[in-house]
Structures are given as C-alpha cells and as structure tokens.
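> Compute the structure for the input listed below.
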Amino acid sequence: MSDAGFVAPGGDPLAPLSRLSELPPLGPRESRPQLPDLPAEPVGWNRRACRERAAARDATADRLLVATTLRLVLGQARLGSLPANWRERGLRDALTSGRDRRIWVWWKVLAGGPRVWEPGAAEALGLPWGAVLGAWRADTLMWLRETQVADRSSVSRWAGFQVVDATDDEWESLLDRAHSGRWPERGTDVKGPWNVGFSAHMLRQELDDCALRYDAGCAAGGDDVDWVGRHRDRVRRWRFAGDRADELARIERLAREADAGRPPYPLPSYWLLSR
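The predicted structure is shown next:
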C-alpha cells in the first residue's frame, strides 16, 4: 500500500476521509501484474545481519496483516454489515490493544484513503451500484494479489507467476503439478503435511467465491447473468470431491431461494442509494 497520505501519530487519523469526493470510480482490473521480487534477506549471523533479517521479516508480516485486514473489511462490505465508522473502530480497538504491530497496520489502512464500496461513498459520488460492485471485486482481487506477493511461501511464488490472474487451463496445470496422488475429500480433512497443492486449491475456492458474489450481485441488480450456471462450471473443476459435492448442493439451494424472491447475495443498501 502506498504511504501517500500517511497520517503521522498525533495527527488526525480521519484526515484521509476528507478526500472522499476526489475518489474516481474503479472498474475490474483485467491486466496481469508482474510478480515483483521481495528484498533479499541478509545472510550471515552477525548482529547487523540478524537485525536486518528480522526487519525484513517484520515488513513482510506487516504487508500480510494489512492485506488480511482489508480482505476481511471487504467481506463485511459485500455482506452489507460494514459500519460507516469502521476505520475509527479499527483504530480505536488497535490503540486499546496496545499492540504496536496492530496499531501500525491500522495506520497503514487509514493511509490508503476511502474506497467507493464503503458506506456513504456511492451516495456522495453519485455512483451506480454496478460501478461500486466492480470496485469491490477489483479491490478484493488486488488484496489477494498483495497476499501472494508479500508471502515468500505463497502459491504464486512457487508457480513463478501471479496465480490470482491465472486462466482455467493454467489452474488445471498448476494443480496437476502441485499435488500428486489422491486428493482429500475436503480441505478440512487434511491431516498430514500441508503442501502447495492444498494451498493452491484453497485459493482457487476463494477466487471462485469472489466470482460468485460478483455474479450474484449483478443478477440482484437486474442484469441478465446466469450466476448459478457459472458457479456450477467453476465448482465442477474442484479437486476436493466432498467440497465439490457440498458446494453444488448449496448452489442449488441458493438458486431455489433466489427463485422464491430471496436472493442469497443481495446488494448492500448503502450501494443502492444512488440507483
């Protein structure tokens, strides 16, 4: 995350919110970004090398915590349960905890500035729900990419490219290479050593869930989208047979609920104020 707009301790932590009216609408990102190298960790065991190595690992941990925090926030935003003062709450809770790393993470979150999927942004900017939903998807994928970039043991590091943007064929090839032998019935059934194949599959399931929430949102907004059929096609590629069967059964149940007038992933009310 950029440090532009960083609020120094002692300053107004809500200052970034003043830039809300300047925020341009976002659309889904289609380009595949390069996977940048992480800084090399110093070698050797003298005091300086140990300090530098610890600092490098702390910086990586901070990046991962920021990404994880914002992915959780994005999940709340899509469900319609994100409070308007989520930034203030997050910073207040971090300060109350007294944990330096948590406080630093929330300073970084505040430095990022407001986003169009936050409560009140759509109304302030006069954005239609489609632009807000697209921005939500773009930011969700952006922070998934950041997690892959920052983690030295990520699937993307192992594969040598940003797998968040992989095609279906690339995913099939990756899963074939990442795991040999029989796949467990479910991700929760893994009892032995974890391997990159299992990590890759869990990431693929997370990406498929993001796609489902986007497609179902488009349908809830009135677009002609076969969100059920698209998700079926994605799930049929899953290697965890038990997870696959459970998800196919779940999507059929969600389809029946939608037919009965109860869409499973309605658009948040704070995205519809300018509809």
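> For the helix or strand harbouring residue 143, the averaged confidence score.
Taking DSSP states H and E as the criterion, residue 143 maps to helix 129-150. Mean per-residue pLDDT for helix 129-150: 96.
> And for stretch 103-117?
Averaged over stretch 103-117, pLDDT sits at 88.
> circling back: export the helix holding residue 143 to PDB, keeping only CA atoms.
Extracted C-alpha coordinates of helix 129-150, given in PDB (Å, rounded to 0.1, in the frame of the first residue of the first chain):
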ATOM      1  CA  TRP A 129     -24.400   0.000  -8.000                       C
ATOM      2  CA  GLY A 130     -22.500  -1.600 -10.900                       C
ATOM      3  CA  ALA A 131     -19.500   0.700 -10.500                       C
ATOM      4  CA  VAL A 132     -19.400   0.000  -6.800                       C
ATOM      5  CA  LEU A 133     -19.700  -3.700  -7.200                       C
ATOM      6  CA  GLY A 134     -16.900  -3.700  -9.800                       C
ATOM      7  CA  ALA A 135     -14.700  -1.600  -7.500                       C
ATOM      8  CA  TRP A 136     -15.400  -4.100  -4.700                       C
ATOM      9  CA  ARG A 137     -14.300  -7.000  -6.900                       C
ATOM     10  CA  ALA A 138     -11.200  -5.100  -8.100                       C
ATOM     11  CA  ASP A 139     -10.100  -4.300  -4.600                       C
ATOM     12  CA  THR A 140     -10.800  -7.900  -3.400                       C
ATOM     13  CA  LEU A 141      -8.500  -9.300  -6.200                       C
ATOM     14  CA  MET A 142      -5.900  -6.600  -5.500                       C
ATOM     15  CA  TRP A 143      -5.500  -7.600  -1.900                       C
ATOM     16  CA  LEU A 144      -5.400 -11.300  -2.800                       C
ATOM     17  CA  ARG A 145      -2.600 -10.400  -5.200                       C
ATOM     18  CA  GLU A 146      -0.900  -8.500  -2.400                       C
ATOM     19  CA  THR A 147      -1.100 -11.500  -0.200                       C
ATOM     20  CA  GLN A 148       0.500 -13.600  -2.900                       C
ATOM     21  CA  VAL A 149       3.300 -11.100  -3.500                       C
ATOM     22  CA  ALA A 150       4.200 -10.500   0.200                       C
END
